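Chemist: predicted model and sequence below, questions to follow.
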Amino acid sequence: MVMIGVTGGIGSGKSTVCDLFEQRKVPVFRADAVARTITEGPAKKEIVVAFGPEILDESGSLDRKALAAIVFSDEEKLELLNSVVHPLVFDEFSRWKAALPAGTRYALAEAALMFESGMFQMMDYVLAVMADENVRVSRTMARDAADEAAVRSRLRFQLSAEELIELSDFQLSNNGSLGDLGGKVSFFAVLFSTLTPPPPENA
Ligand code: ATP
């Protein structure tokens, strides 16, 4: 079975690409969604210890907006949060992978921080979904009803297009329509079903 990571900048279309693969019955692990669940659950205690009780709202739930405001304006705080959450996401991924049905040809794992988190080491190949910065910003603003400054403030923590191209095995350009994207996903679905895991690096 071949494990393919899907990554890309904010608003590049990672989730949309994975939705289209899921419609083709390809199993998809959503690292970002799992991280959100973990943040509210198993990691909550540690996050409160690290960030202080002001990170909780009146009902005692994690104030995700306050946490986002802190970590997206302070790289060290972002690293601290990631160091708590990422190992738990990796454990969850390993459990999910072990439970995939026998005969699965390939599966996908979507993660915004595929390279930064080290998760790429658990992948056989990585697909980077690429779109021009202005396209990504306007799609994200429309999706999240967010203002441009908030979206752009998140971009500076992300890998550049050049870095993504250098690090990934495949790139999918998503500047076009949703129809175009469907055609590209069909192409990659055929390609992925022909892949075998790469040989170990020192073989
Ligand atoms: P994030 O990193 O913020 O989670 P993402 O990379 O997963 O984002 P999506 O949520 O898939 O990106 O896409 C961002 C928005 O752009 C969504 O509202 C999606 O429906 C829309 N979108 C994605 N691809 C296209 C496209 N080719 N044409 C038009 N809209 C698109």
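Modeler: Perfect, I can see it now.
Chemist: which residues of the protein lie near the ligand?
Modeler: Counting by Cβ under 6 Å from any ligand atom, the chain comes close to the ligand at 8, 10-16, 112, 139-140, 143, 174, 176-178, 181. C-betas here are computed from N, CA, C, even on glycine.
Chemist: buried ones among those residues?
Modeler: Those of the residues of the chain next to the ligand that meet the buried threshold are 8, 10-16, 112, 139-140, 174, 181, by 16 or more other Cβ atoms under 10 Å.
Chemist: tabulate these (a markdown table), appending pLDDT.
Modeler: Formatted as a markdown table, these follow (pLDDT from 0 to 100):
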| residue | pLDDT |
| --- | --- |
| 8 | 97 |
| 10 | 94 |
| 11 | 96 |
| 12 | 97 |
| 13 | 98 |
| 14 | 97 |
| 15 | 97 |
| 16 | 98 |
| 112 | 94 |
| 139 | 96 |
| 140 | 95 |
| 174 | 98 |
| 181 | 98 |
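Chemist: what about the residues of the chain next to the ligand, which are in helices?
Modeler: Helix and strand membership here follows DSSP state H; of these, those in helices are 14-16, 139-140, 143, 178, 181.
Chemist: that older thread, could I get the buried ones among the residues of the chain next to the ligand in a markdown table, plus columns for distance to residue 126?
Modeler: Output for these, formatted as a markdown table (distance: Cβ to Cβ, whole Å):
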| residue | distance to residue 126 |
| --- | --- |
| 8 | 10 |
| 10 | 17 |
| 11 | 19 |
| 12 | 13 |
| 13 | 15 |
| 14 | 11 |
| 15 | 16 |
| 16 | 17 |
| 112 | 13 |
| 139 | 22 |
| 140 | 22 |
| 174 | 16 |
| 181 | 18 |
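Chemist: check those and tell me the two furthest apart.
Modeler: 112 and 181 (18.1 Å; Cβ to Cβ).
Chemist: mind listing the helices for the protein?
Modeler: With DSSP H, the ranges of helices along the chain come out as 14-23, 31-40, 44-51, 64-71, 75-98, 133-144, 148-155, 161-167, 178-193.
Chemist: ok, residue 3 - contacts?
Modeler: 97, 106-109, 122-125 (Cβ atoms under 8 Å, 6 or more residues apart in numbering).
Chemist: ok, 6 Å please
Modeler: 107, 123-124 (Cβ atoms under 6 Å, 6 or more residues apart in numbering).
Chemist: who wins on neighbours among those?
Modeler: residue 123 (21 neighbours; other Cβ atoms under 10 Å).
Chemist: tell me the spacing between it and residue 36.
Modeler: Counting by Cβ to Cβ, to the nearest Å, the separation of residue 123 from residue 36 is 21 Å.
Chemist: ditto for residue 199
Modeler: Here the distance between residue 199 and residue 36 works out to 36 Å (Cβ to Cβ).
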